[in-house]
Structure formats: structure tokens, C-alpha cells
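> Generate coordinates for the sequence data below:
(chains A, B, C and D)
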2 protein chains.
Amino acid sequence: MASDHTRSAILAAAERLYADRGFGDVTLRDIVAEAGVNLAAVNYHFGSKDELIAELFVTRSIATNRERLHELKAAEEQGGGRAPIEVILRALVGPTLRGCLGPENQRSTAARFMIRASIESVPPIRRIKNREIDHLRKFVGAMRRSLPDRSDVDIYWGLNFALAMAHHTIRESERLTKLSEGKCDLDDVEDVVTRVVSVATMALTAGRMEPKVSSKVAAR
Amino acid sequence: MASDHTRSAILAAAERLYADRGFGDVTLRDIVAEAGVNLAAVNYHFGSKDELIAELFVTRSIATNRERLHELKAAEEQGGGRAPIEVILRALVGPTLRGCLGPENQRSTAARFMIRASIESVPPIRRIKNREIDHLRKFVGAMRRSLPDRSDVDIYWGLNFALAMAHHTIRESERLTKLSEGKCDLDDVEDVVTRVVSVATMALTAGRMEPKVSSKVAAR
DNA sequence: TTGCAATTCAAACAGTTGTATGAAACTATC
DNA sequence: GATAGTTTCATACAACTGTTTGAATTGCAA
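The predicted model follows:
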């Protein structure tokens, strides 16, 4: 254990380089040069390159997830177990958007790293994302409680679309800016959050016709 | 020129392998082995590996784009220069969704390739995607004509969200299936198209204008 | 100080990658 | 059927990759 100086220097250097140049062309040698440590130190402290990447991503992920759940829990407690759907959706997409958008020149390394992780899709990160389902289920539960009349299928689709809009906006923020010739202000994060939440809410509440359990939905 | 047999054998083999195993771990040697040709043939016919990938992607892209524009043009001509927003959005996301979704066991190689291209993001493909903006502008134009009261910013956001829902659903179809325990039927492509179009339409028409909301089956 | 484990280091390893070469095998034209 | 141009081929190249090794160094406890 000792000082952990080498270990954290590697983590910091790796995150910075990945954020700047992407996973594709950053080698272990780049990382150790940036960190000022020996090449073998990576394998000594992390086991392998993939485990280093995984540790970086996991650390940032649980931070975001904790934020999300904190917002969600607070909202449900205040509403006596039932939170308005807008608030739930805001807890879902807010932390991610706030973490990854905002004025480019003042984006944290962590934010830029997470954007990279969202754009490029490297095996160790994909493996972790697949275990994120349990986390999403908590939001499914909250949404069900908030919209008890809504079918499960609609809930799932609403969740899917909310995440879609948030993640796609992060991934393609550059393209949207170019397409709109700067008219879409992606630096105003709260406006983006509001837009996403508003559309997702409409998707989940529109056409609230009576129970139209047409066919197979009756299951479960 | 001669027979082009080698050239097309390489293209076919490459597309198949990339579709099956992703760009990450398919080497030129894998490709030439699958195609039954010599290693040097790739560089002889395509110049480099990246140009091979680019050619594959460009071919599929212009096919999709042509479909999109065909649908769009037909709709606008029929409406005398103005098409309903739902139809425009359907022309935008329909071809892509139809090309990439549907019963997994009967997905074409081309479809699986495009899904890979959407999930992993490899440099030559990214470069091409960045030139796709001109194509999107045509849809912006059509949307403006269809919704003259709507601000440009709203149009851009609507387009962005429509693409977001379509692409994210393709990218994360597996996760959505797992999360919903199979309740979201991604094989029913037309239903997916309808859902995406319906939500995007709401995003573009809500808050203003009288309900032109064609009571489409928002959900079933 | 001595001893022992944890850490760092330079160096090499083993493999893979995309690409280049120059000769051989074709193909079509005259 | 010779010839010029295209295409194929086996092979080598050169560079880079993550990982391992075993010796040196360090830090700490007895």
C-alpha cells in the first residue's frame, strides 16, 4: 500500500489521456510517460490495461448512479412514496447531462472521460454497462408507482427514450451544434435537461386512454 | 478491372466478419482467409484497411439515405410541397429502423454491419458521419416547411430527439429487451417506428398549435 | 542494523498488426 | 503467339502492442 502515489498518478494520467484522445490511440506507454512512472507499474497495480479502464469507469459510474438515486429517493420521500414523473425523469437524466454537458472549456476531465466512454465503446466498459440494469430497474419501479395506470411496456419505452435523448445529445453534441449553426445552446445544461424531461414526460403521459391491454401485455 | 471477383469477395467477407465480431477484433488476415484471397489483395484493391471500411459504410449509408430522401420527396410532392410532420419523421427514422431491427435470426448482414457501425465508433466511419450533415439539412428544410410557426431551435431539437430515439433503440436493443424481460417487442419494427415518430411529433408540436395530434395509437 | 515484504525499474518477450515488395500468374490486344 | 498491363501470390518488414521477468530499490518492523 505505502503511498499509493504511483497508483493514483496512473489513474489521473490515464483519465486525462483517454479524455483527450480517446481509447483508440492511447497506449500504456503513453500513460506511464504522462504519469512519470514505470511501464510495469500498470500491470503491477491493476493487473491489466482493461482492469485499469474498468476501474476508471466504475468509479465515475457509481458516482453518477449515487447522484441519481439520491435525487430519486429524496423525491419519493417528499411525495410519500410517489414522485411526479417529471421529477423521476429529471433524477434519471439530470446528473448525466450535467456531468457531460456545459461549457466545453470548463468541462472536467471526468466529464470528458465519460463522454469518450459513451462515444467509443470498448469491451471492458461495455461489460460494466451491462450490469447497469439493476440500477435502471429502480427507476422502473419509481415510474410504475408514479404512473400506476401505465402499462409496463410503456414505462420501459419511456425510460428507453429518456435515456436515448440524454445520451444521444451528449454523444452528438458537436454535430447538433454544427447542424444548428450554434443556435442550439448546449451550454445551457438546465435547458437541455428540461427539454429531455419534457419530451419524455409527454411520451409517458400522452394518450392516456383507458386500459387498452390489447393482447399479450396481461402477463406478469 | 477484369472480373472484380476478388474485390467483391473481400467486401462480402469483410462485411460479414465485421457484422459478426465487430471492428475491434477482425484483422485483415481474418478477412482474406474468409474471402479466400491473398493478404496483399486488400491493399491492392482498396489502398488500406480504413478505406475498405469506409467503402463498406459509404455504400450502406447512401442506400439508406436514398431511401429516406425517396420517402421524403414522395411525401412532399403529394402534399404540394408540404408534408405532415409525422410523415417526414417517418421518412427519417423508418429506413434506419427497418434496416437494423426486426427478428434477429433474419437480419441481413448489411443490417448487422450497420448496427456494429453504430455501436462501435471507428475513425473512418466517424469521418464519414461528420459529412452527413448536408443530408440532415434537407430534413430540416422539410420540417420547417411543415411547421412554419416553429422556431428553428425547436426544429433542430426535434430532429435531434428523433434520431436519438431511433439510434439508441438500435444500439441498446439488447439491453431494452433484457430490462423489459422481453416485454418490449423489438421485432415488430413498425410498432417501434410508430412509437418513435409519435414521440418526436409530440416534441415538435406540443405547447403550441391546436392539437393536430392525429390520435395515432401512441401505445398499445 | 537486520530482515522481509512491497514497490520500482530496465529490459526483453511474444504476439499481432497493417503495409510493402518483387516475382509469378494471368488476361486481353495486336 | 509475343507483349503490355493487370492481378495474384508468398514473404518479409517494421512498428507497436500488452505483458512478464528478475534484479534493484525502497520502506518498515523487529
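
> Let's test this: mean pLDDT of the host helix or strand of residue A:116, rounded?
Assigned by DSSP states H and E, residue A:116 belongs to helix A:109-119. For helix A:109-119, mean pLDDT is 92.

> Flag every buried residue along it.
Across helix A:109-119, burial judged by 16 or more other C-beta atoms under 10 Å in any protein chain shown covers A:110, A:111, A:112, A:113, A:114, A:115, A:116, A:117, A:118, A:119. Using the backbone N, CA and C atoms, a C-beta is placed for each residue, glycine as well.

> Let me see the contact set for the first one.
Residues near residue A:110 by C-beta atoms under 8 Å, 6 or more residues apart in numbering or on different chains: A:15, A:19, A:60, A:99.

> at 6 Å what do you get?
Going by C-beta atoms under 6 Å, 6 or more residues apart in numbering or on different chains, residue A:110 touches residue A:60.

> what separates it from DNA strand C, distance-wise?
24 Å (C-beta to the nearest atom of the strand, to the nearest Å).

> Which of the buried residues of helix A:109-119 sits closest to residue A:164?
The shortest approach to residue A:164 among these belongs to residue A:118, at 12.3 Å (C-beta to C-beta).

> how much space between the closest one and DNA strand C?
Distance from residue A:118 to DNA strand C, counting by C-beta to the nearest atom of the strand: 25 Å.

> and what of residue A:57?
22 Å.

> ok, so of the buried residues of helix A:109-119, who is nearest DNA strand C?
Using C-beta to the nearest atom of the strand, residue A:119 is the member of the buried residues of helix A:109-119 that sits closest to DNA strand C, with 21.0 Å.

> didn't that closest one look like it was pressed against residue A:173?
No. Residue A:119 is not in contact with residue A:173 according to C-beta atoms under 6 Å; the separation is 10.2 Å.

> Quick check: which element contains the most centrally placed residue in chain A?
Geometric centre of chain A, nearest residue: residue A:96, 4.6 Å, by C-alpha atoms, centre = their mean. If you go by DSSP H and E, residue A:96 is part of helix A:85-100.

> Check residue A:204 too.
Per DSSP H and E: helix A:189-205 holds residue A:204.

> and that helix with chain B, contact?
Yes. Helix A:189-205 lies within reach of chain B by C-beta under 6 Å from any C-beta of the partner chain, at A:195, A:199, A:202, A:203.

> looking at those residues, which has the most residues close by?
Counting neighbours by other C-beta atoms under 10 Å in any protein chain shown, residue A:203 leads these with 29 neighbours.

> Which residue lies closest in space to that residue, excluding its sequence neighbours?
residue B:199 (4.3 Å; C-beta to C-beta, 6 or more residues apart in numbering or on different chains).

> how near is residue A:52 to residue A:124?
9 Å (C-beta to C-beta, to the nearest Å).

> And residue A:159, by the same measure?
25 Å.

> quick one, which of those two is more surrounded?
residue A:159 (24 against 19).

> Give me the three-state assignment for that one.
Secondary structure, DSSP: H, G, I helix; E, B strand; the rest coil: residue A:159 is helix.

> That one and DNA strand C, how far apart?
Residue A:159 is 38 Å from DNA strand C, by C-beta to the nearest atom of the strand.

> What of residue A:142?
Counting by C-beta to the nearest atom of the strand - residue A:142 and DNA strand C are separated by 42 Å.

> Give me the helices and strands touching the longest helix seen in chain A, please.
If you go by DSSP state H, chain A has its longest helix at helix A:49-78. Other elements packing on helix A:49-78 under the criterion 3 or more C-beta pairs under 6 Å, 6 or more residues apart in numbering or on different chains; DSSP states H and E are helix A:85-100, helix A:109-119, helix A:123-129.

> after the last one, next one along is what?
On the C-terminal side of helix A:123-129, the nearest following helix or strand under DSSP H and E is helix A:133-146.

> Which elements pack onto that next one?
helix A:85-100.

> any residues touching the helix it packs on, and which ones?
Contacts to helix A:85-100, defined as C-beta under 6 Å, 6+ apart, come from residues A:64, A:67-68, A:71-72, A:75, A:111, A:114-115, A:139, A:142-143, A:146-147, A:162, A:166, A:170, A:189, A:192-193, A:196-197, A:200-201, A:204.

> same thing but at 8 Å, please
Under C-beta under 8 Å, 6+ apart, the answer for helix A:85-100 is A:64, A:67-69, A:71-72, A:75, A:79, A:107, A:110-111, A:114-115, A:118, A:139, A:142-143, A:146-147, A:159, A:162-163, A:165-167, A:169-170, A:189, A:192-193, A:196-198, A:200-201, A:204-205.

> Just the buried ones from the residues you listed?
A:64, A:67-69, A:71-72, A:75, A:107, A:110-111, A:114-115, A:118, A:139, A:142-143, A:146-147, A:159, A:162-163, A:165-167, A:169-170, A:189, A:192-193, A:196-198, A:200-201, A:204-205.

> how does chain A divide into domains?
What automatic domain parsing lists as the domains of chain A is A:1-47, A:55-207.

> So, low pLDDT: which residues of chain A?
Counting by pLDDT under 70, chain A contains low-confidence ranges at A:1-3, A:208-220.

> can you list the residues of chain A near DNA strand D?
Counting by C-beta under 7 Å from any atom of the strand, chain A comes close to DNA strand D at A:2, A:25, A:27, A:28, A:29, A:39, A:40, A:42, A:43, A:48, A:49, A:50.

> quick revisit: would you mind putting the CA coordinates of the helix holding residue A:96 into PDB?
What follows is helix A:85-100, C-alpha atoms only, in PDB (Å, rounded to 0.1, in the frame of the first residue of the first chain):
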ATOM      1  CA  ILE A  85     -42.900  11.500 -13.300                       C
ATOM      2  CA  GLU A  86     -41.000  14.700 -14.300                       C
ATOM      3  CA  VAL A  87     -39.000  14.600 -11.100                       C
ATOM      4  CA  ILE A  88     -38.100  11.000 -11.600                       C
ATOM      5  CA  LEU A  89     -37.000  11.600 -15.100                       C
ATOM      6  CA  ARG A  90     -35.000  14.600 -14.100                       C
ATOM      7  CA  ALA A  91     -33.200  12.400 -11.500                       C
ATOM      8  CA  LEU A  92     -32.500   9.900 -14.200                       C
ATOM      9  CA  VAL A  93     -31.000  12.200 -16.900                       C
ATOM     10  CA  GLY A  94     -30.000  15.200 -14.900                       C
ATOM     11  CA  PRO A  95     -26.800  14.000 -13.300                       C
ATOM     12  CA  THR A  96     -25.500  12.500 -16.600                       C
ATOM     13  CA  LEU A  97     -26.300  15.600 -18.600                       C
ATOM     14  CA  ARG A  98     -24.900  18.000 -16.000                       C
ATOM     15  CA  GLY A  99     -21.800  15.900 -15.800                       C
ATOM     16  CA  CYS A 100     -21.100  15.700 -19.500                       C
END
